[in-house]
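Trainee: output the structure for:
(one chain, ligands or ions: 1)
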Amino acid sequence: MILANARLPDGGLVDVEIAGGLIVATHMPGKAPPAGDRLDLDGMLLLPAFVDGHLHLDKTHWSAPRLPHVEGRSVRERIAAERVQRHRVALPIEARASALVRTLIVNGSTRARSHVDIDNDVGLDNLEAVIAVREAFRDWIDIQLVAFPQSGVTTEAGAPDLLAAALMAGADLIGGLDPAGFDGDAGGQLDIVFGLAEAFGKGIDIHLHDFGEGGAAELRDIAERTIAAGLQGRVAVSHAFALGTIAPSLFEETADRLARAGVAIMTSCPPSAPVPPVSALRARGVIVFAGSDNIRDCWSPFGDGDMLNRAAIIAERHQLSTDRELRDAFALATSEADKALGDPRRGLRVGAVADLVAVEAASVADAVVDRPPRALVLRGGRVAAERGVPSAALASVPVPGAQSREAETELQMRAIEQALRAELGPRAAK
Ligand SMILES: [Zn+2]
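Mentor: Have a look, this model is predicted:
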């Protein structure tokens, strides 16, 4: 396949040759060898496909009717709201997660990391549903799953065993939640999380909302434990709001320890919190990557699964305004996220997988500012979406469990009909 007249981020025009799902060569326009498939981009900007480094596929209400948001700002209040609300969502997880995955792909993401709730309320049910969705869409998107202890680790009876079961069932990483702020036992939670990571050979991605010097101390503890466990490059902390709330000298010390330990920081840049300073962290060698986090769920009524939009939100919040800074914001949703998630065979280069996005823009900076619609999304050289519409192949991926649910509903309807007939028959005869 040839993608003809593609504009590269440096402004040059090339023909991109794709074979076996990989970018195999670039040629001067018109100089590419003949190919069975030829798509003319007519000077459109070619970008590497995006990465959504943090979302919650099991929580989203995407494609279901909107549930009114329940009040409550603290983590504990939101968890309480979710415990009631999660049972009121109209559609099963498989349907909502599948709809969101399709949206991610149409918006240009072919890689994502989803945290999945593991607690006594849901057990492994959410994980099993999301694993089925991951399997269904595996030709179109790579999804990492984090076993996320939404109700705590040391304060939720049996949580360590459930988390271990989740890792055995197919979760790729072990998660955590505010070791001090939620469990009130930073050492206890981190002992269990790192213990599970070592026992199962998995990476770690911890939700850390804890502010101030306490939160910064937890970050330094995580960095130390990462080195001790030999997990450099495989640990991430999501949110890390503490980094946006501490004095400059403590920030520098904490950032340096994170950089040395290869602990990456994920930011979704929520408007409600003091977010970690992206440029200052990167200047000290910390990998920073971006994610949507909550998309229309019990935690937030907002979100759209569009990482170009997320890059713009991050740029605006951090006043990243020059073209170089706008490219940096874009990198959080592409190259930096790929570093954080592992597997370097992605990007806009020969030898990388042909996961690509084409947009009407003159430069990466223009793309971040304008957020143009995605004209073309390729996954391994196959067309996944064009102009906001999934390809026939992507659209035809069946929603896991839908057939069995339809069959189940039909059986139930028949049973109800029979029961009604049995009930009404004799009365009708009277
Ligand atoms: Zn999250």
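Trainee: and stretch 379-398, end to end?
Mentor: For stretch 379-398, the first-to-last residue distance is 18 Å (C-alpha to C-alpha, to the nearest Å).
Trainee: mind listing what's buried along that stretch?
Mentor: Buried residues in stretch 379-398, counted by 16 or more other C-beta atoms under 10 Å: Arg379, Gly380, Gly381, Arg382, Val383, Ala384, Ala385, Glu386, Pro390, Ser391, Leu394, Val397. Just so you know, the C-beta spots here come from the backbone N, C-alpha and C atoms, and that holds for glycine as well.
Trainee: pLDDT of it, averaged?
Mentor: For stretch 379-398, mean pLDDT is 97.
Trainee: one more: stretch 196-205?
Mentor: Here the average pLDDT along stretch 196-205 is 98.
Trainee: what's the span of it, first residue to last?
Mentor: First-to-last distance for stretch 196-205 - C-alpha to C-alpha - comes to 12 Å.
Trainee: show me what it is in contact with.
Mentor: For stretch 196-205, contacts defined as C-beta atoms under 8 Å, 6 or more residues apart in numbering pick out 54, 113, 115, 146, 160, 163-164, 167-168, 171-176, 193-194, 226, 229, 231, 234-238, 266, 342.
Trainee: so Leu45 versus Leu378, what's the distance?
Mentor: Leu45 is 14 Å from Leu378, where distance means C-beta to C-beta, to the nearest Å.
Trainee: show me the buried residues of stretch 379-398 that map onto strands.
Mentor: Arg379, Arg382, Val383, Ala384, Ala385, Glu386, Pro390 (DSSP state E).
Trainee: now distance to Ala280 too, for the residues you listed, in CSV please.
Mentor: Supplementary listing: these in CSV, determined by distance: C-beta to C-beta, whole Å:
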residue, distance to Ala280
Arg379, 35
Arg382, 40
Val383, 40
Ala384, 36
Ala385, 36
Glu386, 40
Pro390, 39
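Trainee: of those residues, which is the nearest to Leu100?
Mentor: Using C-beta to C-beta, the shortest approach to Leu100 within these belongs to Pro390, at 12.8 Å.
Trainee: surely that closest one touches Val383?
Mentor: No: counting by C-beta atoms under 8 Å, Pro390 sits too far from Val383 to count as a contact (9.6 Å).
Trainee: Leu45 and Leu378: who's more crowded?
Mentor: For Leu45 and Leu378, the more surrounded residue by other C-beta atoms under 10 Å is Leu378, and the numbers stand at 28 against 22.
Trainee: grab the nearest non-local neighbour of that one.
Mentor: Computed as C-beta to C-beta, 6 or more residues apart in numbering, the closest residue to Leu378 that is not its neighbour in sequence is Leu356, at 4.5 Å.
Trainee: all helices of the stretch 201-350 of the chain, in order?
Mentor: Counting by DSSP state H, counting those that start in this stretch, the stretch 201-350 of the chain forms helices over residues 212-228, 248-261, 278-283, 307-317, 323-332, 335-341, given from the N-terminal end onward.
Trainee: if we can go back for a sec, verify the contact between the residue nearest to Leu378 and Met44 for me.
Mentor: No: using C-beta under 8 Å as the test, Leu356 is too far from Met44 to be in contact (10.8 Å).
Trainee: give me the more crowded residue out of those two.
Mentor: The neighbour comparison of Leu356 against Met44 (other C-beta under 10 Å) goes to Leu356, with 27 against 20.
Trainee: quick check: beta-bridge partners of that one?
Mentor: With DSSP bridges as the criterion, Leu356 is bridged to Pro48, Leu378.
Trainee: count of neighbours near Asn5?
Mentor: For Asn5, the number of neighbouring residues by other C-beta under 10 Å comes to 18.
Trainee: that one in helix, strand or coil?
Mentor: Secondary structure for Asn5, judged by DSSP: H, G, I helix; E, B strand; the rest coil, is strand.
Trainee: could you list every residue that touches it?
Mentor: Neighbouring residues of Asn5 by C-beta under 8 Å, 6+ apart: Leu13, Asp15, Pro29, Asp40, Leu41, Asp42, Gly43.
Trainee: out of those, who's nearest Arg102?
Mentor: Where the contacts of Asn5 are concerned, and distances follow C-beta to C-beta, Arg102 has its nearest neighbour in Leu41, at 23.3 Å.
Trainee: nearest residue to the closest one other than its sequence neighbours?
Mentor: Ala6 (4.7 Å).
Trainee: per-residue pLDDT, that neighbour?
Mentor: According to the predicted model, the pLDDT of Ala6 comes to 98.
Trainee: ok, it - contacts?
Mentor: Shown here is Ala6, whose contacts under the criterion C-beta under 8 Å, 6+ apart are Leu13, Val14, Asp15, Val16, Leu41, Met44, Leu46, Ala358.
Trainee: the second one reaches Gly30, doesn't it?
Mentor: No: the pair Val14 and Gly30 fails to qualify as a contact (C-beta under 8 Å) at a distance of 10.5 Å.
Trainee: what about these two, which has more around it?
Mentor: The residue with more neighbours, out of Val14 and Gly30, is Val14; 20 against 9, by other C-beta under 10 Å.
Trainee: hey, where'd the strands end up in the stretch 151-300 of the chain?
Mentor: 173-177, 203-208, 235-239, 263-267, 288-290 (DSSP state E, counting those that start in this stretch).
Trainee: now a ChimeraX select for only the buried ones of the contacts of stretch 196-205.
Mentor: Once 16+ other C-beta under 10 Å is used to decide burial, the buried members of the contacts of stretch 196-205 can be selected in ChimeraX as follows:
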select :54,113,115,146,160,163,164,167,171,172,173,174,175,176,193,194,226,229,231,234,235,236,237,238,266
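Trainee: kindly calculate the angle that the lengthiest strand in the chain makes with strand 173-177.
Mentor: Among the segments of the chain that qualify as a strand by DSSP E, the longest is strand 109-117. Computed by axes from the mean of the first three to the mean of the last three C-alpha atoms, to 10 degrees, the angle separating strand 109-117 from strand 173-177 equals 60 degrees.
Trainee: remind me which residues of the stretch 1-150 of the chain are low pLDDT?
Mentor: Judged against pLDDT under 70, the stretch 1-150 of the chain has no low-scoring part.
Trainee: strands of that one, residue ranges please.
Mentor: Counting by DSSP E, counting those that start in this stretch, residue ranges of the strands within the stretch 1-150 of the chain are 2-7, 13-19, 22-27, 38-40, 45-48, 50-55, 109-117, 142-148.
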